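In: Mind looking at a prediction? Sequence and model below.
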Amino acid sequence: GINAEYGMPPKKLAAKTAGLTSSSTKIQSQSKVSRRGKDDDDSRMGDEDDEWMQPKILMKPDDQLDLNAEELKEEFTRILTANNPHAPNNIVRYSFKECAYKMKMGVDQLAIHFSMDGNMLHKESDEGKRQLTRLGLGDGPSEQNLSEMEIPGEEDLEVEQDGDEAEKDAPKEVTVSKPPETALRNQFNYSERASQTFNNPYRERGTSTEPPPRTNFSATANQWEIYDAYVEDLEAQEKAKEKKSRDKDDKDKKSKVIILEPTAADEMFTRIRKPAKIVERMVNQNTHDEIAQDFKYWEDASDEFKGNEGTLLPLWPFKSDKAKKFSVTAVVFNPIYNDMFAVAHGSYDFLKQGTGLICIYSLKNPSFPEFTYTTDSGVMSIDFHPEHPYLIAVGFYDGAVAVYNLREKTNTPAYLSSAKSGKHTDPVWQVYWQENDLDNQLNFFSISSDGRVTCWSLIKNELQATDIILIKMEPESDVDSGVGMDLACGTCFDFHKSTDYLFLVGTEEGKIHKCSKHYSSQFLDTYEAHHMAVYAVRWNNFHPRVFASCSADWTVKIWDHNYSEPMFTFDLGSSVGDIVWSPYSATVFGAVTDDGMVHIFDLSQEKYEPLCQQSVVQKKKTKVNHLAFNKHYPIIAVGDDRGNAMTLKLSPNLRKALREKTYSKENEIAKMEKLLELVREPSNK
C-alpha cells in the first residue's frame, strides 16, 4: 500500500524509506488526519460552487452608450496594411531626361529598428585559429573527443534492495566518475558550417564631359534696334529667294538640255497618250450606252399629264476608291468645258480630320477621274477661274488656300499660302474668283470662320493677302459697345453679278451682311435672316436685286436686298445644305437637304411648293451636301457625305424656259419683277 500511496519507483522508494521505523498505528493516525483534511477540502469546494451558481451582476460604466439591436449588428471594418504611416508620399526627383520634376511613384515602406553588421570565420582557418588561441580555447577538446565521452545517466546508479525482507537496509553509496573540467563555451561544441559564393569586388566607372561653352550677352532693345533686325532678316530672305530662283533657272536650263534628247519609251508614250484616252472614252461610252442615250434623247412623256410637276432621271454615278472615306464638300462645273466638273473631298466632322482629295471628272469618262490631287488637309471649297479653265482655287480646313494648274503634271499646287503670307486660322468655307485688279493680276476671295474676308493676289510665285473686311459681331447693348468686339464666324459669301464691289456674307449666327469692297470698316446693311448658321447665299443670275439663302434651320428664303424682310420662305423639313439658282431661268432654283432629297422650285409655276422633290441617295441616312447646275446641258450634279457624286437630268416641266420661243434675259427679269410686285409691301422697307 505504501508504493501506491507515494507513487514512486521501487528503487527510489527503497532509498527514501531506508531509515523509516514508524509503526502501523502511526500510519493509521496519519490516514485519519488525511481523511479529515479531505473532508475540509470538499466542504470548501462546495462553497466555491455555490458562489459560481449565484447570478452575475453586470457593471456598466457611466458614459457607456445605449445601442439598439440594429446598431449592435452594424460592423465596422478596419483594414490593417503593412504601409508605413510616417513614409512620405510626395517625394519629387528631377528628371534629366524630361528636364522636369517628376513625382516618385514607389515609396519605401520598410522601417529598420536595429541593424548590426558582423562577419563569420571558419574555425579551421588561420584567422579562426588565432582568435581561438587569443581567447584561450586553442587546447580544448575536439569534436571527436566529445563524441567519445560518456555522460552518466540513471542506469549507472544501482540500488541494492532485498524484496523478501520486511525491513530495509541502508542505501549503498554510489560513486560516479566525473570527466575532467574543461573550459567549453558550448556543451555540445556546436559550430555552424556554411559556404558562400565569392562576391566580385565593386568597381565604379564614370565619365565626364566638358561643359558647353557659355557667353554672357546683354543689350538694350529699343524700337530702332528691332527695326534694324527686321530689315536685316528681310534682306536675308530676299537674297535667299534670289538664290533659289537662280538655282531653279539653272535646273530649268539643264532640264531643257535633257529634254532635247528624249528616250524612245517617252516618245512612244507621248504618241499613244491621246489615242489611248480616246479609245478609253469610246469603251466607256459603249459600256454606258443606255445612259448616254438617255442623256441625249430622253424626254419624260408623263410630264404632259402631271401639270407642273417634274422628275429627275439619274445618269452617271461618279465614284473613286480614294474618296470612300471622305465627304463631298463642293461641286462646281467648268465654265468653258461643259462636260468637266470638279468635286472637293474633305470632312465636316472636326474630330475626323485628315487628308483631302480633289477629283476632276468628265462626262465622257465616268469610270475614272481625269485629274486627282491629294492634299495634306481636308478640302472645303473649290472654284474654277471663269477665263482660265485650267486654274482652280482651293480652300483647306487648316486655313490655307492654294491654286492648282491642271496643265502642270505635278501633284503640288502652283501657289500655296502660309502663315507668313497671312493664311486663315480657321477652315476656309468658300473661295471665289474675281476679275483682274488694276495691275492686271489674277485674284480670288476667301471667307473663313476667323471672321476675315481676304483677297489673294497671284504675284510671281507667291500669294499676297489683303483683308477686305472683318466680320464683327454687333454688341447686344450699348454697355458692350465700348468693349473690343469679337469677330463673327463667316460661312459663305457671293458677289453681285453686275455690281463688282457689292457682295453678301453669311455668318454662323444666322445673319447676312451686305458689304462693299470700298468700305472695310462697316456693313452696308444687315439682315436678320435665320436662327441658325447660314450655309449658302446666292445672287440671282438675272435679277440684280434678288438673292436666296439657306440655313440649318430647315428654311430657304428669297430676298430683295432693298427690303429687310424675305419675299418668300420655304420650310423643307430638314437642314438645307446648299441652294443654287438655275442658269437658264430667273425663277428656278434647286436645294438639297440632309435627308437625301433634291428640291427643284419654279416660282413662276408654283409659289408655295416645289415642282420636284426626289430622293437621290441609295442608302438611308445619307446626306446630300452640294448641288451644281450645268450651264449648257439640262443636268445637275449632286454630292453626298459618302464621297459619291451623281448627275441627274431635268424633265421638261423643270426647264420650260429653255423651250419658250420668247426666252431672253429681259423676259426673265420681267418675270421675277412680276412675282416681287405680288408679295412686296412698302412697309417692309
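Out: All right, it came through fine.

In: pLDDT below threshold where in this structure?
Out: 1-56, 138-196, 251-270, 475-485, 659-663, 681-685 (pLDDT under 70).

In: And the helices in it?
Out: Assigned by DSSP state H, the chain shows helices spanning 2-6, 10-16, 24-53, 69-73, 126-134, 143-148, 223-259, 264-287, 289-297, 656-659, 665-679.

In: hmm, who's touching the fourth one?
Out: Same thing as helix 69-73. Applying CB atoms under 8 Å, 6 or more residues apart in numbering, helix 69-73 turns out to have no external contacts. C-beta coordinates here come from the backbone N, C-alpha and C atoms, glycine included.

In: Grab the nearest non-local neighbour of residue 612.
Out: residue 600 (4.1 Å; CB to CB, 6 or more residues apart in numbering).

In: I misspoke; the intended subject was residue 88.
Out: Per CB to CB, 6+ apart, closest to residue 88 is residue 107, 7.0 Å.

In: Report the contact partners of the one you found.
Out: Applying CB under 8 Å, 6+ apart, the residues near residue 107 are 87, 88, 89, 91.

In: just the residues you listed now: which is nearest residue 533?
Out: residue 89 (51.1 Å; CB to CB).

In: what number of residues lie near the closest one?
Out: 9 (other CB atoms under 10 Å).

In: What of the one 10 residues further on?
Out: As a burial measure, the neighbour count of residue 99 was computed by other CB under 10 Å and equals 7.

In: try residue 371
Out: 16.

In: Hmm, it is touching residue 360, no?
Out: Yes. Using CB atoms under 8 Å, residue 371 is in contact with residue 360, at 3.9 Å.

In: Please enumerate the shared neighbours of those two.
Out: With CB under 8 Å, 6+ apart as the test, residue 371 and residue 360 both reach residue 406.

In: With distance to residue 529 as added columns, please give the contacts of residue 107 in TSV.
Out: Output for the contacts of residue 107, formatted as TSV (distance: CB to CB, whole Å):
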residue	distance to residue 529
87	67
88	64
89	60
91	62
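
In: Check these and tell me the two furthest apart.
Out: 87 and 91 (9.3 Å).

In: Return the distance of residue 102 relative to residue 120.
Out: 43 Å (CB to CB, to the nearest Å).

In: Looking at these two, which one has more neighbours?
Out: Using other CB under 10 Å, the more surrounded residue of residue 102 and residue 120 is residue 102, with 11 against 8.

In: is the more buried one in a bridge, and if so with what?
Out: residue 93 (DSSP bridges).

In: residues in contact with the closest residue to residue 603 other than its chain neighbours?
Out: Excluding its sequence neighbours, the residue lying closest to residue 603 (CB to CB, 6+ apart) is residue 587, at 4.1 Å. Each residue near residue 587 by CB under 8 Å, 6+ apart is listed here: 601, 602, 603, 604, 605, 668, 671, 672, 675.

In: ok, the last one touching residue 604?
Out: Yes. The pair residue 675 and residue 604 passes the contact test of CB under 8 Å, sitting 6.9 Å apart.

In: how close does the residue positioned nearest the centre of the chain get to residue 491?
Out: Closest residue to the average C-alpha location of the chain: residue 351 at 7.5 Å, with CA atoms, centre = their mean. Between residue 351 and residue 491 the distance is 19 Å, computed by CB to CB.

In: Check residue 389 too.
Out: As for residue 389, its distance to residue 491 is 27 Å (criterion: CB to CB).

In: same check, this time on residue 545
Out: From residue 545 to residue 491 the distance is 23 Å (CB to CB).

In: who has more neighbours, these two?
Out: Ranked by neighbour count (other CB under 10 Å), residue 545 and residue 491 place residue 491 first, with 25 against 16.

In: For residue 349, give me its contacts.
Out: Applying CB under 8 Å, 6+ apart, no residues contact residue 349.

In: From residue 310, how far out is the residue lying closest to residue 549 once chain neighbours are set aside?
Out: Nearest non-adjacent residue to residue 549, counting by CB to CB, 6+ apart: residue 537, 4.6 Å away. Distance, residue 537 to residue 310, by CB to CB: 26 Å.

In: More neighbours: these two, which one.
Out: Between residue 537 and residue 310, counted using other CB under 10 Å, residue 537 has the larger neighbour count: 26 against 23.

In: ok, now which ones touch the more buried one?
Out: Contacts of residue 537 (CB under 8 Å, 6+ apart): 492, 493, 494, 504, 505, 506, 512, 547, 548, 549.
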